[in-house]
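**Student:** everything below, folded, please.
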Amino acid sequence: QVRLVESGGGLVQAGGSLRLSCAVSGHTFSSVHIGWYRQAPGKERSYVGIAWTDGTSSYTNSVRGRFTISRDNARNTVYLQMNSLRISDTAVYYCAAGNQLSTRPDSFDSWGQGTQVTVSS
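**Tutor:** Residues are numbered from 1 along each chain as shown. Predicted structure coming up:
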């Protein structure tokens, strides 16, 4: 069973930055893709980006150029660096682990508990 723990959320002003971490245990870290999702109040969970096992990353259009995903295989951790934050980025952020070449939420087997990111004006 893969266990994921997010951290690094908090309150930040618009235009600011935060770095989220996703610590992974219970599985060979290098063999799982790690996706980031977010869920704003009253909205469905939506895809943010993903760290593929080959070291590359993909992003949804709304965050591309502002967010960067990186993975540290030595620390079994994936990071989500968020810059130029907007009020619309306010959400609970989740990381998830899976083996499929897909960004669909149902393709991920394990999820973290989430961390709150609040962007104020």
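**Student:** roughly how far does the closest residue to Thr68 other than its chain neighbours sit from Val63?
**Tutor:** For Thr68, ignoring the flanking residues on the chain, the nearest one in space by C-beta to C-beta, 6 or more residues apart in numbering is Gln81 at 4.4 Å. Any C-beta I mention is one placed from the backbone N, CA and C, and that applies to glycine too. Using C-beta to C-beta, to the nearest Å, one gets 11 Å for the distance from Gln81 to Val63.
**Student:** which residues sit in contact with the spatially most central residue of the chain?
**Tutor:** Nearest to the geometric centre of the chain sits Trp36, at 2.7 Å (C-alpha atoms, centre = their mean). With contacts defined as C-beta atoms under 8 Å, 6 or more residues apart in numbering, Trp36 is in contact with 20, 22, 47-50, 69, 78, 80, 93-96.
**Student:** quick revisit: tell me what the residue nearest to Thr68 is bridged to.
**Tutor:** Judged by DSSP bridges, the bridge partners of Gln81 are Arg19, Thr68.
**Student:** would you mind measuring from it to Tyr59?
**Tutor:** In this view, Gln81 and Tyr59 are 12 Å apart by C-beta to C-beta.
**Student:** tell me the residue in the protein that is farthest from the middle.
**Tutor:** Per C-alpha atoms, centre = their mean, the residue of the chain sitting farthest from its centre is Ser121 (22.9 Å).
**Student:** count the residues that sit near the closest residue to it other than its chain neighbours.
**Tutor:** Once flanking residues are discounted, Ser121 sits nearest to Ala14: 5.6 Å by C-beta to C-beta, 6+ apart. Each residue near Ala14 was counted by other C-beta atoms under 10 Å, and the total is 14.
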